[in-house]
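Colleague: the sequence and its predicted three-dimensional model are supplied below.
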Amino acid sequence: MMNWRQIFLELMSQSDRVQTSVYFPKDIHEALVRWAEDEDRPISNLVVRIVTKAVEEREKQQNPPQ
């Protein structure tokens with residue numbers, strides 16, 4: 001199993017990545033910090049995972065299997 005550093009390096013080495021800035025309310029940021037620490041991963045990696053799942057779920061809702 002890969003640790004978060006290996007996963008992060010793998011994700012960052014992909015050429016289709018883009019960088020963006022996101023501004024969170026302080027309480028949300030603090031919750032994300034705790035969550036990321038619990039999972040021993042950087043916040044950016046956690047946010048990518050959360051957003052990826054949300055996008056996948058939205059796409060499923062918009063394009064249900066037939």
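Modeller: Structure's in. What do you need?
Colleague: give the buried residues for the longest helix anywhere in the chain.
Modeller: When the chain is scanned for its longest helix (criterion: DSSP state H), the result is helix 43-62. Of the residues in helix 43-62, 45, 46, 48 count as buried by neighbour count, 16 or more other C-beta atoms under 10 Å. Heads up, the C-betas are built off the backbone N, CA and C, glycines and all.
Colleague: pLDDT score assigned to the closest residue in space to residue 22 that isn't next to it in sequence?
Modeller: Take residue 22 and drop its neighbours on the chain: the residue closest to it by C-beta to C-beta, 6 or more residues apart in numbering is residue 47, 7.2 Å away. The predicted local confidence for residue 47 comes out at a pLDDT of 95.
Colleague: repeat for residue 59
Modeller: Listed pLDDT for residue 59 reads 91.
Colleague: where's it relative to residue 22, distance?
Modeller: For residue 59, the distance to residue 22 under the criterion C-beta to C-beta, to the nearest Å works out to 21 Å.
Colleague: try residue 63
Modeller: 26 Å.
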